[in-house]
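Student: Here is my input; please provide its structure:
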Amino acid sequence: MTRDARRKIWIRRAAIFCLLAYSGCLLYWMFLGFGRTVRHDLPMRYNLVPLRTVWYYLSAGGGPSLAARLVNLLGNVAVFVPFGMLVPLATGRLLSPIRLAVLFIPCIAALEILQMVLRVGSFDVDDILLNLLGVWTGFGLLRLYGITRIRRL
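Tutor: Next up is the predicted model:
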């Protein structure tokens, strides 16, 4: 086996390990972390209007503090950046942004629905958009740093 082949296998295995570990952390954060509690006494909460929550957080009106707004908006982007980098490395293929969207939108939507149904959060279409922006940001960073052909790693 050549040195390049061993390197490629090592990178893929490391990416798969990181992807699994990070996915486990994300599931913990989404369903148990940050003091989340099940609230069966409250109705299921959801937002189906794109950019409603984003606009609410960006508007100058009252409500959450600036820190809470930044955590919600930037946090929903930042937490998915690793996926945009790790999935192409783990699969050995540099997917297009559209293929990443086709892969991630159903997964993110399922997590959002589970948060709502389990009453540990809400379903928000804006979270899906912000999470996808994070995936695309990670993908862009991967490409920015010159990894344009994963198969040649």
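Student: ok now do the nearest residue to Leu141 once chain neighbours are set aside, which residues does it touch?
Tutor: Closest residue to Leu141 apart from its sequence neighbours, by C-beta to C-beta, 6 or more residues apart in numbering: Met85 at 6.3 Å. No exception for glycine: its C-beta is placed from N, CA and C like everyone else's. Taking C-beta atoms under 8 Å, 6 or more residues apart in numbering as the criterion, Met85 is in contact with 138-139, 141-142.
Student: what's the closest of those to Leu26?
Tutor: Nearest to Leu26 among the contacts of Met85: Gly138, at 13.1 Å, using C-beta to C-beta.
Student: contacting residues for Arg12?
Tutor: 89-90, 92.
Student: where along the chain do the helices fall?
Tutor: Remark: helices assigned in the chain by DSSP state H are 3-31, 52-58, 66-78, 81-91, 97-117, 125-144.
Student: picking up where we left off before, which two among the contacts of Met85 are spaced furthest apart?
Tutor: The widest separation within these (C-beta to C-beta) is 7.3 Å, between Phe139 and Leu141.
Student: Look up how far Arg12 lies from Arg36.
Tutor: As judged by C-beta to C-beta, to the nearest Å, Arg36 and Arg12 stand 34 Å apart.
Student: swap in Arg52?
Tutor: Counting by C-beta to C-beta - Arg52 and Arg12 are separated by 40 Å.
Student: Quick one: low-confidence residue ranges for this structure.
Tutor: Residue ranges of the chain with pLDDT under 70: 60-62, 146-153.
Student: Give the residue farthest from the middle of it.
Tutor: Distance to the chain centre peaks in the chain at Met1, reaching 35.6 Å (criterion: C-alpha atoms, centre = their mean).
Student: Next up, the contacts around the residue nearest the centre of the chain.
Tutor: The residue lying closest to the centre of the chain (C-alpha atoms, centre = their mean) is Phe80, at 2.7 Å. The neighbours of Phe80, taking C-beta under 8 Å, 6+ apart as the test, are 104, 108, 131-135, 138.
Student: ok, those residues vs Val117, which is closest?
Tutor: Distances from Val117 to the contacts of Phe80, taken by C-beta to C-beta, are shortest for Ile108, at 15.0 Å.
Student: and that closest one, how far is that from Ala101?
Tutor: For Ile108, the distance to Ala101 - C-beta to C-beta - is 10 Å.
Student: do the same with Ile9
Tutor: 28 Å.
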